[in-house]
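Peer 1: quick one, structure for this:
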Amino acid sequence: MEYREDVRVFLMYDLGTFAARSGQHKAELVKGPRDRFKGIKTNNRIEYAKNITTCAVKAINACSDKSRKILTGVYILDKTNREVMKEVGYKNSRYWDLKHIAIDEFMDNFAKVQKEMNLKPSFKLIK
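Peer 2: Residues are numbered from 1 along each chain as shown. Next up, the predicted model:
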């Protein structure tokens with residue numbers, strides 16, 4: 001079984017849901033995923049959420065520095081595009097080009113990490 005999901009929807013909405021299910025707040029993912037349920041018996045939904053969250057964090061960390069700043073700012077820290085644009089120091093058109101590159105990078109890295117982790121059921125992120 002494979003889920004198909006729009007990458008922007010996944011980053012904006014689903015990642016926060018998976019983080020909450022795994023016992024974390026989305027903003028805490030900047031520091032990396034943590035196991036809040038260590039030593040406690042967890043169910044499959046919690047384990048799956050933890051694995052998806054770990055996969056997403058590893059995929060973001062594998063991106064280039066500019067891409068990582070954009071993805072972290074917009075999708076994890078919930079900053080506006082305008083705020084992130086000022087932080088990375090680019091004008092409007094260049095920022096949007098970089099954001100598209102960042103999303104493509106994330107999608108590629110997510111697929112690689114997901115395959116390495118043998119995550120089932122898998123996610124196929126689409127544009």
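
Peer 1: report the separation between residue 118 and residue 29.
Peer 2: 21 Å (CB to CB, to the nearest Å). All C-beta atoms are positioned from the backbone trio N, CA, C, and that covers glycine.

Peer 1: the more surrounded of those two?
Peer 2: residue 29 (24 against 8; other CB atoms under 10 Å).

Peer 1: confidence score at residue 27?
Peer 2: Per-residue pLDDT puts residue 27 at 79.

Peer 1: close enough to count as contact, it and residue 76?
Peer 2: Yes - Residue 27 is within contact range of residue 76, at 6.4 Å (criterion: CB atoms under 8 Å).

Peer 1: please say which of those two ends up with more neighbours.
Peer 2: residue 76 (21 against 13).

Peer 1: now do the contacts for the more buried one.
Peer 2: Residue 76 makes contact with 15, 26, 27, 29, 30, 60 under the criterion CB atoms under 8 Å, 6 or more residues apart in numbering.

Peer 1: can you redo these as JSON lines with secondary structure and distance to residue 68?
Peer 2: Listed next are the contacts of residue 76 as JSON lines, based on DSSP: H, G, I helix; E, B strand; the rest coil; distance: CB to CB, whole Å:
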{"residue": "15", "secondary structure": "helix", "distance to residue 68": "15"}
{"residue": "26", "secondary structure": "helix", "distance to residue 68": "16"}
{"residue": "27", "secondary structure": "helix", "distance to residue 68": "15"}
{"residue": "29", "secondary structure": "helix", "distance to residue 68": "12"}
{"residue": "30", "secondary structure": "helix", "distance to residue 68": "10"}
{"residue": "60", "secondary structure": "helix", "distance to residue 68": "6"}
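
Peer 1: identify the farthest-apart pair in the residues you listed.
Peer 2: 27 and 60 (13.3 Å; CB to CB).
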